[in-house]
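In: I'll drop the sequence and a predicted model, then ask my questions.
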Amino acid sequence: MKPRKNYRKRPKKTGARKRQKVLSQKRRLVKAGYDRARLEKMSDVEIRELLKKAGKKKALKPVKKTHAKKAKPKKGEPKKKEAKKK
């Protein structure tokens, strides 16, 4: 005999939503610099693994400095004259 209460279950993945998710993941990887033709041949599981690696690389990138120091000319190079602002 079944229990009277129907407990809430997780929604099942539909094919359309799954394809849409994989397509968006592929787009993100293309923006990250991966080859589109190579991604087309990969399975969904391989794409998710690449996405994890891309996320880790992104997190490890150093923050760019906004105020870069001017490069000093090396010995023997002539100094460049800068235009004065009025």
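Out: That came through, no problem. Just so we're clear, the structure is a prediction, and the values are computed from it rather than from any experiment. Residues are numbered from 1 along each chain as shown.
In: Only C-alpha atoms from now on, for both contacts and neighbour counts.
Out: OK.
In: now the helices: where do they sit in this structure?
Out: 15-32, 36-40, 44-60 (DSSP state H).
In: Just the buried residues of the last one, please?
Out: This points to helix 44-60. By neighbour count on 16 or more other Cα atoms under 10 Å, the buried set for helix 44-60 is 44, 47, 50, 51, 54.
In: hmm, which two among the residues you listed are most spread apart?
Out: Spatial extent of the buried residues of helix 44-60 (Cα to Cα) is set by the pair 44 and 54 at 15.3 Å.
In: circling back to that earlier point, mind putting the helices of the chain into TSV with mean pLDDT and distance to residue 5?
Out: Listed next are these as TSV, based on pLDDT from 0 to 100; distance: least, Cα to Cα, whole Å:
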stretch	mean pLDDT	distance to residue 5
helix 15-32	91	29
helix 36-40	91	45
helix 44-60	81	36
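In: Make TSV out of those helices and add distance to residue 9.
Out: Listed next are these as TSV, based on distance: least, Cα to Cα, whole Å:
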stretch	distance to residue 9
helix 15-32	18
helix 36-40	33
helix 44-60	24
